[in-house]
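S.K.: here is a sequence together with a model predicted from it:
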Amino acid sequence: MEAHRAATGASSTASARSVARWFLHSLLGLADDVRPGRIRLHAADFGRLVSLVDSGKLTPAAGKTLLADLVERGGEPEARMGELGLGKVVDERAVASAVARVLDAQPAEVERYRRGEKKLFGVLLGSVMRQMQGAADAALVRRVLQEKLG
């Protein structure tokens, strides 16, 4: 309970609900692989990590990558996010470039999508997100991909 208060108190944007959800769904799974007392992540830093996701500066997928790194190595979440290059990508040109690479690499799926198999949009969207290592703004990827597919 003390750790939860420290995590929620470390940031004005991390809600108690978000902290609890990240704790239960992400941190506990990582903690199983680490001996007690060897987790280098402090409660306040955990709260700052959740705040980065809640504020939109970090995607949930990139947040999980950052969390794993912080559990293992510790450190300040914002600094580690920068060092690892995990900040959310909102550069439309970078997203458009990733979309172009995916469409070029999957011409059969693109053709099938254009013939009416709309379920392939999710496949292509997922491919772009993987290309961007989960750091792209999903709404921006969706918009650019829709524009390119016509």
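M.R.: Arrived safely, thanks for sending. Numbers count the residues shown, from 1 in each chain.
S.K.: I'd say Val90 and Leu140 touch.
M.R.: Yes. Under the contact definition of Cβ atoms under 8 Å, Val90 touches Leu140, with a separation of 6.2 Å. For the C-beta atoms, the positions are set from N, CA and C on the backbone; glycine is no exception.
S.K.: who has more neighbours out of the two?
M.R.: Leu140 (19 against 14; other Cβ atoms under 10 Å).
S.K.: ok, that one - contacts?
M.R.: By Cβ atoms under 8 Å, 6 or more residues apart in numbering, the residues touching Leu140 are 90, 92, 95.
S.K.: in helices, which of those appear?
M.R.: Using DSSP state H, 92, 95 are the members of these that sit in helices.
S.K.: the helix or strand where Val144 lies: how far from the chain's middle?
M.R.: Per DSSP states H and E, Val144 falls inside helix 138-149. Between the mean C-alpha location of helix 138-149 and the chain-wide mean there is a distance of 18 Å, by Cα atoms, centre = their mean, to the nearest Å.
S.K.: show me what counts as buried in it.
M.R.: Neighbour counts using 16 or more other Cβ atoms under 10 Å place 138, 140-142, 144-145 of helix 138-149 among the buried residues.
S.K.: pLDDT on that helix, on average?
M.R.: The predicted model gives helix 138-149 an average pLDDT of 96.
S.K.: can you check stretch 84-101 too?
M.R.: Taken as a whole, stretch 84-101 has a mean pLDDT of 93.
S.K.: stretch 29-42 too?
M.R.: pLDDT averaged over stretch 29-42 gives 70.
S.K.: end-to-end on that stretch?
M.R.: Its start and end residues considered, stretch 29-42 measures 16 Å (Cα to Cα, to the nearest Å).
S.K.: close enough to count as contact, His42 and Gly74?
M.R.: Yes. Assessed by Cβ under 8 Å, His42 is found in contact with Gly74 at 7.5 Å.
S.K.: where's the residue of the chain lying at maximal distance from its centre relative to Gly150, distance?
M.R.: Most distant from the centre of the chain: Arg115, at 31.9 Å, with distances by Cα atoms, centre = their mean. From Arg115 across to Gly150, the span is 12 Å (Cβ to Cβ, to the nearest Å).
S.K.: do the same with Ala105
M.R.: 18 Å.
S.K.: which of the two has more residues huddled nearby?
M.R.: It is Ala105, of Ala105 and Gly150, that has more neighbours when counted by other Cβ under 10 Å, with 11 against 7.
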